[in-house]
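Novice: sharing a sequence plus its predicted fold:
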Amino acid sequence: MIALDELQSGDSDLFVSNYKKPRIPVLLKGAAANWPLMSNWTKEYIVEHMGSYVCKVIKDSRPAYSKEQTTLKFYFEKLSGVSTLTLDPFNARKPPLFYKDVKSSNPYFKTNDIQRFFFFHSVKNAGTLPHIHGNAFNILQSGTKEWVFYDASEKHNPEGYELLHTFNRKYGLGTHAKDWFKNEVPKLPNKQENVYRCTQEAGDIVFIPNGYCHAVLNKSEVMGIVFETK
């Protein structure tokens, strides 16, 4: 298991040359520590300003499968013991209300590069099972999360791609990340050459490269936002 690099510099050239272009995940330590969302985002603030956003009600670690929906206002005021996310295209001409609390521009992504976003809130010991998508920046506003990554690009690592599909078949609807972390993570370095791991804390940003499999286990209640980019 390889400890993920921690990049503390705001040098955009270093980030692009050492991580984004070669497709290597990295923990951008404290990169969002001074962004407005860090001080503004309480549950009450989200309800007041973003409460009308439609969100998923998630009871397992396969959020893409969830069909149950509500509003963030109902979620925070009426529900407990479950998780949520919003998942919407990003319109640079009319950014979502969440975006006003994001520092832009910043050294990592530009407004015009964002393709979609999701706000998330989740409870302790919940998480997300292995999955892939495009380049993404996961910004943690509060809490602590444990991450595991490996390359699952069909082009760059076909064996990793097949392993991801094995996990998807084994851990489907109704399953939980905590079980995958317990059962599969100890064996993962024997199946993949480069397996990365890190702990993300409030104010940190995790960069996930296009095609990188990743899974998350919440060590506490967590809240934040993700931007998928070009």
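Specialist: Received the coordinates, thanks.

Novice: tell me the buried residues in the longest helix anywhere in the chain?
Specialist: In the chain, assigned by DSSP state H, the helix with the most residues is helix 158-170. Neighbour counts over helix 158-170 (16 or more other Cβ atoms under 10 Å) mark 160-161, 163-164, 167 as buried. All C-beta atoms are positioned from the backbone trio N, CA, C, and that covers glycine.

Novice: phi, psi for the closest residue to residue 143 other than its chain neighbours please.
Specialist: Computed as Cβ to Cβ, 6 or more residues apart in numbering, the closest residue to residue 143 that is not its neighbour in sequence is residue 222, at 3.3 Å. Per-residue torsions, residue 222: phi -140, psi 160 (degrees, to the nearest 10).

Novice: and the nearest residue to residue 177 once chain neighbours are set aside, what are its bridge partners?
Specialist: Of all residues not flanking residue 177 in the chain, residue 127 sits nearest, at 3.1 Å (Cβ to Cβ, 6+ apart). The partner list for residue 127 in beta bridges (DSSP bridges) reads residue 217.

Novice: neighbours of residue 127, how many?
Specialist: 24 (other Cβ atoms under 10 Å).

Novice: center of this structure, which residue is that?
Specialist: The centroid of the chain falls nearest to residue 138 when counting by Cα atoms, centre = their mean (4.3 Å).

Novice: mind checking the SS state of that one?
Specialist: Secondary structure, DSSP: H, G, I helix; E, B strand; the rest coil: residue 138 is strand.

Novice: which residues in this structure form helices?
Specialist: Applying DSSP H to the chain gives helices spanning 12-15, 36-40, 43-50, 72-78, 158-170, 177-183.

Novice: contacts for the worst-scoring helix or strand of the chain on mean pLDDT next, please.
Specialist: The weakest-scoring helix or strand in the chain, judged by mean pLDDT, DSSP states H and E, is helix 12-15 (a mean of 89). Here helix 12-15 makes contact (Cβ atoms under 8 Å, 6 or more residues apart in numbering) with 7, 26, 28, 107-108, 207.
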